[in-house]
Each structure stands twice: as C-alpha cells, then as structure tokens.
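S.K.: generate coordinates for the sequence data below:
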Amino acid sequence: MPYRAPLQDFRFLLDHVIGFDQVSGTGMFAEATAETTQAILTEAARLCEDVMAPLQRNGDLHPARLENGDVGPTPGFCPGVRPHEEGGGRGR
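M.R.: Numbering: from 1, shown residues only. From the prediction side, this is the model:
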C-alpha cells in the first residue's frame with residue numbers, strides 16, 4: 001500500500017489546535033495565507049509520497065553508513081532529493 005500524507009490531519013492541526021487564523025494574523029506570518037499554506041502542504045505531501053516513500057525500502061536494505069568520517073547515503077537517495085534541494089523538479 002503506497003504512503004499517503006495525512007493532509008486532512010495537518011489541516012485540522014493548523015486550524016483547530018494551533019489556531020492558524022491567529023498566527024497568520026500576526027505581522028510575522030501575515031503572508032501565510034490559507035492558500036499558501038495549502039500549497040506548501042500539498043507539495044510537501046507530494047515530495048513524501050512520490051520521492052521519499054519509494055526510497056524507504058532501499059534505505060532498509062542498504063542503510064546510510066559511516067566510512068572514514070563521511071556518511072555514505074542510501075543508494076538512490078541523493079538523486080531522488082537533489083532536485084528538491086536545488087528548488088526544482090521531480091527526483092526519481
């Protein structure tokens with residue numbers, strides 16, 4: 001079964017636990033509109049579902065390792081996340 005990010009749970013937490021409307025009403029977070037926040041949550045969910053989740057099994061089979069003081073990442077991890085580190089597109 002593929003991973004699905006719990007967006008409704010995150011939205012509930014923002015709206016009913018954190019008090020999103022009060023937070024976004026402050027000067028520091030005035031640009032955090034409901035639409036912007038939803039777009040960020042949607043993209044984060046897509047990253048988790050499409051990029052990170054498929055790498056998990058490989059990470060179980062071939063975990064990151066420490067060699068001579070350097071961390072060797074799970075094979076496939078860097079190419080999967082590099083486009084997102086650079087602010088770009090879809091990794092695979």
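S.K.: flag the shaky bits of the protein, pLDDT-wise.
M.R.: By pLDDT under 70, the low-scoring segments of the chain are 83-84, 87-92.
S.K.: nearest the geometric middle of it, what residue?
M.R.: The residue lying closest to the centre of the chain (Cα atoms, centre = their mean) is Ala44, at 3.9 Å.
S.K.: what about it, which SS state?
M.R.: helix (DSSP: H, G, I helix; E, B strand; the rest coil).
S.K.: how near is it to Ser24?
M.R.: For Ala44, the distance to Ser24 equals 18 Å [Cβ to Cβ, to the nearest Å]. Just so you know, the C-beta spots here come from the backbone N, C-alpha and C atoms, and that holds for glycine as well.
S.K.: can you give me the helices for this protein?
M.R.: Assigned by DSSP state H, the chain shows helices spanning 7-12, 20-24, 34-46, 53-61, 77-85.
S.K.: now the longest one against helix 77-85, angle please.
M.R.: Computed by axes from the mean of the first three to the mean of the last three Cα atoms, to 10 degrees, the angle separating helix 34-46 from helix 77-85 equals 170 degrees.
S.K.: now helix 34-46 - C-alpha only, PDB.
M.R.: Provided in PDB are the C-alpha atoms of helix 34-46 (Å, rounded to 0.1, in the frame of the first residue of the first chain):
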ATOM      1  CA  ALA A  34      -4.600  29.700   3.800                       C
ATOM      2  CA  GLU A  35      -3.900  29.200   0.100                       C
ATOM      3  CA  THR A  36      -0.100  29.500   0.500                       C
ATOM      4  CA  THR A  37      -0.100  27.100   3.400                       C
ATOM      5  CA  GLN A  38      -2.300  24.600   1.500                       C
ATOM      6  CA  ALA A  39       0.100  24.800  -1.500                       C
ATOM      7  CA  ILE A  40       3.100  24.100   0.800                       C
ATOM      8  CA  LEU A  41       1.400  21.200   2.500                       C
ATOM      9  CA  THR A  42       0.400  19.800  -0.900                       C
ATOM     10  CA  GLU A  43       3.900  20.000  -2.300                       C
ATOM     11  CA  ALA A  44       5.400  18.500   0.900                       C
ATOM     12  CA  ALA A  45       2.900  15.600   0.600                       C
ATOM     13  CA  ARG A  46       3.900  15.100  -3.000                       C
END
